[in-house]
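In: Okay, sequence plus prediction incoming.
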Amino acid sequence: MDPLSKISQILSHSYSDTKVKELFKIISQTELKNDEISKKKFKIDNVSNIISINTKIIQEFEKIIIELKTFKDYISTIKNLTNEMEKEADIISLKSTHFLKQITTIYDRKILINTKQSLLKSFNNNFIIENEDLEILSSISKPVDERFFKILFKVKQIYLNCQKLLIAGYNKAGVEIMEKMDKYLDTGFEKLCYFIQQELKLAKYKSYEPKDDIKKALYMLSEKHDLFKKCLKTISKERQKFLPENSQFELIHNIPLTSIHQIKIQTYDLLQYTSDMLSWIHQTVVNEKDFFEILFGIHIDSESIKIMNDLPNFCSLSEYKDINKVVFEIIDNNILNSCEIFKIETESIIQDIENIVTIYRIANLIQFYHFTLQKIMPNDSCLLNILRNTEKSVMNAFSKNIQKKLHSIKKSNLFPSPQLEAPSFLINTISELKILHKSIEATHNSSESLENCVKTILKIILDPYCDLCCSISDKLDEPHKSIFLINCWKTCEENISQISPGNSKMQEFKDDINNLFKNLESNQLDYFFNASGLNNLINILESKEEKNLERSLDTVLVETSKNFQNFLPFAITNALDRIKYLEISNATRITNKAAEMFIEKISDLINILPQITDNYQTYFHWTPNEIKLLLGV
């Protein structure tokens, strides 16, 4: 549609149309007149403008056409270049494919060569030993150092690697190499054994400290049990030379070679000798144990061993199951001679000692060290057996000494003192018990073991003297017999309560004392009846002669009345005088108890008399209350 048509179309629109409104708005801005000339001019101007615009558009399109022609030339040039490049790329691709094939072939060959070289290197490392290394492994002139151990480790590893060859099916190669490595290992272990034996000859010196090489050598040699035992015998032999010489030197010169007290062998001071010797034995056992722990790099106890070193698994002491037993046998053998000397000396000198406190202290000391060493040594060791036997011998001497003392006391004319006090031998024994208890307390950790020990000592020491007190009491009549025993048992009970409050023996003494108190009450009651004359009256009443009972009763009542009259004022005083050597509080309590029983009996008697005779009050006019008042109960 041309511009004029557009204008005509616009003019044909109604005024309400928005486009028409816009048109009018534009026209109103120009100074146009609505006449024929203006309309023509407006039309001419618009046509002119349109022609001008179209001319410009055509010019622009001409430029675009020129540019497009230029682009076409460029595209044609690019296409030509691209075709040439594609041709060259095809040529290069053909060449590179050939080169890639060659590179792949070369790379595959390189991988194969590297694999073969790696296998060869691995085989040499894992299955071949150099001649130089073999010389170090076998030659005695070459030192046993870190290089030697590396070579021995390598030989052992090759030996283990041969098992992999056998599993993989290379039986011939595996067996051949294994046989060679086995020979090399034997050679290396022989050299190790020789090296260890030479080094351990220095173990007889106190200042000797095993080197790391010797520890490692022993650790590795444990795999060869025969060679290992051979080396252990060398250690044992050298240590057996050192320890007894050390002990004898101290015994003779009193110069301590260890960090303990001097060992003084003196007959008048066996306790000091025992203490020093046992201390030396204990210290020696501990030192020997430490020596072997350092030597083997293990923790030794009587139950099992714990490996402390971190060496390869194929040379481990844990494989040598008897190492613990062997080590303790060595320690046992090393200390045996000194222990035998101690046992002989102790058993010979103990016979001449008379002081049971000293003897028991020695036994207690041996028991303490036996208990202490039992934590280190196995229970079946010779050392512990010697200590057990020595302790048994000392305790036998202890018992014999007590029996000897008892025999000596029995030979003398024993009789209680006038005051019925506990005899001096019992008091001395109790004093010795107190001293022994202090020694026992110092060597027992648990209260249970302490109580058991005290119980045993009381049985050994106190019981024989208590039996002797009973024998002495048989020479006395009541109430003196009971008073004497009460004083004896009271002394024992009071002292035992200080030593061991919960001991069953103390309760036994208390029970015996209570029974003796009852005997005294009964005896005092008998005294009241006899002194008062009432026993005659009771005898008449208890007799079965009923014919003359009333006449006999009257006669007895007359006599009883006279006796009773004289008896009552001094009854309690006289009764107390009979047991005056008893503690006053106990004597008063017993007498009052007997008096109460006496009054009860009189009450029963007064109830019976009216049934037999009517005139009993003529002779026996006292009532129970009057008697109680007169007795002062």
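Out: Yep, it's here.
In: where does the stretch 451-600 of the chain have low pLDDT?
Out: The model of the stretch 451-600 of the chain has pLDDT under 70 over residues 500-502, 542-554.
In: And the helices in the stretch 501-633 of the chain, which stretches?
Out: 504-532, 534-542, 549-567, 571-578, 584-608, 616-619, 624-631 (DSSP state H, counting those that start in this stretch).
In: Repeat that for the stretch 201-350 of the chain.
Out: 212-221, 225-253, 270-296, 323-350.
In: will you turn the ones you listed into CSV that also has distance to residue 568?
Out: In this view, the C-beta of every residue, glycine as well, is placed from N, C-alpha and C. Compiled in CSV, these are given as follows (distance: least, Cβ to Cβ, whole Å):
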stretch, distance to residue 568
helix 212-221, 99
helix 225-253, 81
helix 270-296, 65
helix 323-350, 65
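In: Out of those, name the one with the poorest average pLDDT.
Out: The weakest mean pLDDT among the helices of the stretch 201-350 of the chain belongs to helix 225-253, with a mean of 69.
In: on that earlier part again, I'd like the helices of the stretch 201-350 of the chain laid out as a markdown table, including distance to residue 200 and mean neighbour count.
Out: Converted to a markdown table, the helices of the stretch 201-350 of the chain look like this (distance: least, Cβ to Cβ, whole Å; neighbours: other Cβ atoms under 10 Å):
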| stretch | distance to residue 200 | mean neighbour count |
| --- | --- | --- |
| helix 212-221 | 7 | 20 |
| helix 225-253 | 5 | 17 |
| helix 270-296 | 9 | 20 |
| helix 323-350 | 12 | 19 |
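In: Indicate which one of those helices is closest to residue 569.
Out: helix 270-296 (63.6 Å; Cβ to Cβ).
In: Pull the distance from that closest one to the chain's centre.
Out: The gap between where helix 270-296 is centred and where its chain is centred comes out at 22 Å by Cα atoms, centre = their mean, to the nearest Å.
In: next one: stretch 177-190
Out: Using Cα atoms, centre = their mean, the offset of stretch 177-190 from its chain centre is 44 Å.
In: Please renumber the chain so that the first residue is 5 from this point on.
Out: Yes, from this point I'll number from 5; that puts the last item at stretch 181-194.
In: Show me the contact partners of it.
Out: For stretch 181-194, the external contacting residues (Cβ atoms under 8 Å, 6 or more residues apart in numbering) are 131, 133, 138, 141-142, 152, 155-156, 159-160, 162-163, 166-167, 169-170, 224-225, 227-228, 231.
In: Which ones among those map onto helices?
Out: Taking DSSP state H, the ones among the contacts of stretch 181-194 that sit in helices are 131, 138, 141-142, 152, 155-156, 159-160, 162-163, 166-167, 169-170, 224-225, 231.
In: Could I have the buried ones of the residues you listed as PyMOL selection syntax?
Out: Filtering the ones in helices among the contacts of stretch 181-194 down to the buried ones (16 or more other Cβ atoms under 10 Å) takes a single PyMOL command:
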select buried, resi 131+138+141+152+155+156+159+160+162+163+166+169+224+225+231
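In: before we move on, the earlier item: can you tell me which of the helices of the stretch 205-354 of the chain is nearest to residue 94?
Out: Residue 94 sits nearest to helix 216-225 of all the helices of the stretch 205-354 of the chain, at 71.6 Å, using Cβ to Cβ.
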